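# any chance you could fold what I've pasted below:
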Amino acid sequence: MAYFRKRGAFWHYTVEIGIDPKTGKRKQQSKGGFKTKKEAQLAAAVIEQETAQGTYVKEKNITFEEFSKQWLEIYMNTGKVKISTIRVREHEIAKLMPYFAKMKMNSIKKTDYQNALNDLKKNGKKVIETNENNEKITKNESLSESTLSGVNSTGKMIFKKAVELDIIKSNPTEFAYVPKTNKTVEEIEAEEERVKYLEKEQLALFLETAKEHGLDQDYTIFLLLSYTGMRTGELCALKWKDIDFEDQTISITKTYYNPKNNVTDYRLLTPKTENSKRVIEIDEDVIDQLHRHRHEQNRFKMENRLEYHDADFVIIKKNKYPGYPEIIKTIENRMRRLLKIANLNTDLTPHSLRHTHTSLLAELKVGLQEIMDRLGHKDDDTTRNVYLHVTKTKKKEASQKFAQLMRSL
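Below is the predicted model of the structure:
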């Protein structure tokens, strides 16, 4: 039974919602702020119906900021999530904070959440530019669809858990969607034409530049990346015990994690996915270079044995922190330097060498599944697109060669 009374200008209701099993006393739910008695009666009727059906949930008075911290603790303690993933989730939660931080979880509506996604799409990225007077100006730019998709995934997990824990009754993310940008024909064509990898002649030039003008270890670094297609993090985590010189294979069992680029504060994590664990076959050229590299490294280790961080890494720091694994940022900077010397596209990154590896294997008519296995991919649209682009070009060349043959008769 519901009870109603007026306090000042507003009506309040009190509804019995059952018996407390611990005390045996009746439990009640009260709420006020209704402009009319009719509004209070309708709201109370909903509570009574839910109580009778056993579906009533007493929402808890907690803010998004408070609950997202609780959710992150739960998420971390599952034991199934890598620290790198947790860091990503923290960044994605931070994107939602300006919209919901101090709002009560039970007050966030579907329209609130969708409006937040829409605004993030339009203004979610802060960019600092310098004008003609050398003044720094902060601008808001559109957030990429992939980043926004990650934010939405995290938001959905948070609110789903809130429903499971009876914090809220309904999930405001249930029908939310990530807003898309309709690209023009010109933009799509420009994306298709953008080179994301090196042609074989360009790769040969790049590696020759690394050999002739590279800094210490550059040639070994980029030969390994080019000839194996491994990720940069996998290279930084590579140890000598992972290399079988007799069978000419490299085992990929871990990846390097160091988001703050602190040389001594690194971690070795399990690979990106289960499929990332793999054995890569390598040829004599790579084996020979690794032999030379290990010989030079052993000499360096003996010269610096008192301070050497002897953890068996293949690619190491040599100056201030001898023996520690090289950081990814340094490899990116070194590649940019070499691309500039070789007069190649400086927008390419070490990851582009994976795409280069894919394109050259496709040219050799290696099957897509074999390439995926070598790269440690179960499924990857970028790899598939590179493969299809190369094989499509080769098919066109075959057609042209056949036509030339017929014209020569």
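
# which intervals of the stretch 301-409 of the chain have sub-threshold pLDDT?
Scanning the stretch 301-409 of the chain for pLDDT under 70 picks out 392-403, 405-407, 409.

# let's see 80
378-383, 385-409 (pLDDT under 80).

# let's check: the centremost residue of this structure is which one?
The residue lying closest to the centre of the chain (CA atoms, centre = their mean) is Val88, at 6.7 Å.

# my guess is it contacts Thr147. True?
No. Val88 lies out of contact with Thr147 (CB atoms under 8 Å); the separation is 10.1 Å. (C-beta placed from N, C-alpha, C; glycine too.)

# give me the neighbour count for the residue nearest to Tyr266 when sequence neighbours are not counted.
Among residues not flanking Tyr266 along the chain, Asn258 sits closest, at 4.4 Å (CB to CB, 6 or more residues apart in numbering). Using other CB atoms under 10 Å, Asn258 is surrounded by 19 other residues.

# if I look at Asn258, how far off is Leu353?
Look at Asn258 and Leu353: by CB to CB, to the nearest Å, they are 20 Å apart.

# is Gln28 in a helix, a strand, or coil?
Here Gln28 is recorded as strand under DSSP: H, G, I helix; E, B strand; the rest coil.

# so what's it bridging to?
Beta-bridge partners for Gln28, by DSSP bridges, are Glu16.

# make residue 1 into 203 and carry on from there
Will do, 203 is the new start, and the previous item becomes Gln230.

# contact partners for it?
Applying CB atoms under 8 Å, 6 or more residues apart in numbering, one finds that Gln230 lies in contact with Thr216, Val217, Glu218, Ile219.

# hang on, the first one in a helix?
No. Checked against three-state DSSP, Thr216 lies outside a helix; its state is strand.

# which pLDDT does the model give it?
Note on Thr216: pLDDT of 90.

# my read is that it contacts Gly234, right?
No. Contact between Thr216 and Gly234 fails when scored by CB under 8 Å: they sit 9.6 Å apart.

# these two - which one has more neighbours?
Taking other CB under 10 Å, Thr216 and Gly234 do not tie; Thr216 has more neighbours (17 against 14).

# and the next element down the chain from the helix or strand hosting Glu250?
Glu250 is located in helix 239-255, with elements delineated by DSSP states H and E. Using DSSP H and E, the helix or strand that directly follows helix 239-255 along the chain is helix 266-278.

# any buried residues in that next one, and which?
Phe266, Phe269, Ser270, Trp273, Leu274, Tyr277 (16 or more other CB atoms under 10 Å).

# and the residue nearest to Lys542 when sequence neighbours are not counted, what does it touch?
Using CB to CB, 6+ apart and skipping residues adjacent in sequence, the residue nearest Lys542 is Thr548, 5.5 Å away. The neighbours of Thr548, taking CB under 8 Å, 6+ apart as the test, are Arg538, Leu541, Lys542.

# would you mind checking which of these is nearest to Ile489?
Checking the contacts of Thr548 against Ile489 by CB to CB gives Leu541 as the nearest, at 26.4 Å.

# brilliant, that's me finished.
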